[in-house]
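>>> Pasting a predicted model and its sequence here:
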Amino acid sequence: MQEQLWHPVVSSYILQDQPLAVQLLGQRVVLWRDGQGSAHAWPDRCPHRGAQLSLGRVLRTDDCGHRLECPYHGWQFDARGQCVRVPAVHSFEPPSSHALQPYAAHEAYGLVWVNLQPAQAAAHAVPHFAAEHDPALRKVLCGPYDVATSAPRIVENFLDMAHFGFVHEGWLGVREQPEVADYVVERAAHGVRASQCKAWQPQSNVHSTAPAEVTYDYEVLAPYTAALSKVPDAHSVAVQGFRESIALFIGPMEPTRSRVWFRLAMLDWHSSDEHLQAFQHTIFTQDQPVLESQQPQLLPLNLAHEVHCAADKLSSAYRRYLREQHITFGVQP
């Protein structure tokens, strides 16, 4: 199932005029841009002798097109993946068999997304982060963070409120008020949703001026993607009407190695990107060592393999959802 989904692999601004190697679901992938700036994703393997195409270069042709050249024998491939030149045999016209099968590539949320299905066969859409389309909200990308654990472990942590007072003490929680009040969990169109979530937070955002109760809503948008929205008490924040949403986007590189981005959407048009990113960096780097310490690194889908409490009902629903979606990458049956 995970091979049919869209996954983020790199920030868009990183992909420039030369090929770039990335890893997705244990596969080596090469990214490159053509003359129109469109991103392409291919298997990072020349069909001739298996060299990594990411070690090659992008060539501009006389007709203003672009080709990707293999570093080994100089074979050139056009944007369709078709070999169009074999330098060692000048008069040779490569047949259709001398080609590779492109993956589907798309850009959204400041990221390049890849679907390991052939470009024409990719059916699923990139996960929909609703706040991205709210013109009142400022958007900022944070990351990437390379994390030595599975993508589902990271999603589950994002959905968890019970750790706030311990991992994020003095920021998103306090040890003296660790209780998680009951909340509502239900299935959503593309995953799982939780509402009426409450947390007492000393500093819930960059504009906090006082501790306050904060209301959270969570939604799993895809197996490795989730989003939250949070609204603090109005008296506790310096910006009138402040609200924010945060999306978690994960590129699952290997079963226990993941690349993470956060997409911020908030009512703040005055702070610098760096200021907003710094707050998110503080929070996630508190999470990261704990995430990397968890054993097993693969998320157990059998609920009997770990013990649970009432505060865990969102994470339990997430595990059931992964099982229903037949996800096998990053999980333990």
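Received the coordinates, thanks.

>>> Tell me the helix or strand right after the helix ranked longest in the chain.
When the chain is parsed with DSSP state H, its longest helix is helix 273-293. Once the chain leaves helix 273-293, the next helix or strand it forms, by DSSP states H and E, is strand 299-300.

>>> buried residues in the helix or strand just after that following strand?
As assigned by DSSP H and E, the chain's next helix or strand after strand 299-300 is helix 313-324. Neighbour-count burial for helix 313-324 flags 313-319, 321-322 (criterion: 16 or more other Cβ atoms under 10 Å). Heads up, the C-betas are built off the backbone N, CA and C, glycines and all.

>>> Check stretch 160-177 too.
160-165, 167-169, 171-174.

>>> Could you do stretch 82-99 as well?
Of the residues in stretch 82-99, those buried (16+ other Cβ under 10 Å) are 82-86, 94, 98-99.

>>> where's residue 8 relative to residue 101, distance?
21 Å (Cβ to Cβ, to the nearest Å).

>>> Same check on residue 198?
49 Å.

>>> same deal with residue 195?
43 Å.

>>> Helices of the stretch 151-300 of the chain, start to end?
Using DSSP state H, counting those that start in this stretch, the helices assigned to the stretch 151-300 of the chain run over residues 151-158, 164-167, 273-293.

>>> Show me which of the buried residues of stretch 160-177 is closest to residue 229.
The closest of the buried residues of stretch 160-177 to residue 229 turns out to be residue 161 (Cβ to Cβ; 13.9 Å).

>>> The closest one and residue 210: what is the separation?
Taking Cβ to Cβ, one finds residue 161 at 20 Å from residue 210.

>>> same check, this time on residue 162
Taken as Cβ to Cβ, the span from residue 162 to residue 210 is 23 Å.

>>> and what of residue 48?
65 Å.

>>> Comparing those two, which residue is more hemmed in?
Ranked by neighbour count (other Cβ atoms under 10 Å), residue 48 and residue 210 place residue 48 first, with 15 against 12.

>>> before we move on, back to that, quick one: which of the helices of the stretch 151-300 of the chain is nearest residue 16?
Of the helices of the stretch 151-300 of the chain, nearest to residue 16 by Cβ to Cβ is helix 273-293, at 19.9 Å.

>>> Just the C-alphas of the closest one, formatted as PDB.
The C-alpha trace of helix 273-293 is given here as PDB (Å, rounded to 0.1, in the frame of the first residue of the first chain):
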ATOM      1  CA  ASP A 273      10.800  32.800   9.400                       C
ATOM      2  CA  GLU A 274      13.800  32.100  11.600                       C
ATOM      3  CA  HIS A 275      11.900  33.100  14.700                       C
ATOM      4  CA  LEU A 276       9.000  30.800  13.900                       C
ATOM      5  CA  GLN A 277      11.300  27.900  12.900                       C
ATOM      6  CA  ALA A 278      13.300  28.300  16.100                       C
ATOM      7  CA  PHE A 279      10.300  27.600  18.300                       C
ATOM      8  CA  GLN A 280       9.400  24.500  16.300                       C
ATOM      9  CA  HIS A 281      13.100  23.400  16.400                       C
ATOM     10  CA  THR A 282      13.100  23.600  20.200                       C
ATOM     11  CA  ILE A 283      10.000  21.500  20.500                       C
ATOM     12  CA  PHE A 284      11.100  18.800  18.100                       C
ATOM     13  CA  THR A 285      14.600  18.500  19.300                       C
ATOM     14  CA  GLN A 286      13.100  17.700  22.700                       C
ATOM     15  CA  ASP A 287      11.100  14.900  21.100                       C
ATOM     16  CA  GLN A 288      13.900  13.500  18.900                       C
ATOM     17  CA  PRO A 289      16.100  11.800  21.500                       C
ATOM     18  CA  VAL A 290      13.100  10.100  23.100                       C
ATOM     19  CA  LEU A 291      11.800   9.000  19.700                       C
ATOM     20  CA  GLU A 292      15.200   7.500  18.900                       C
ATOM     21  CA  SER A 293      15.300   5.700  22.200                       C
END
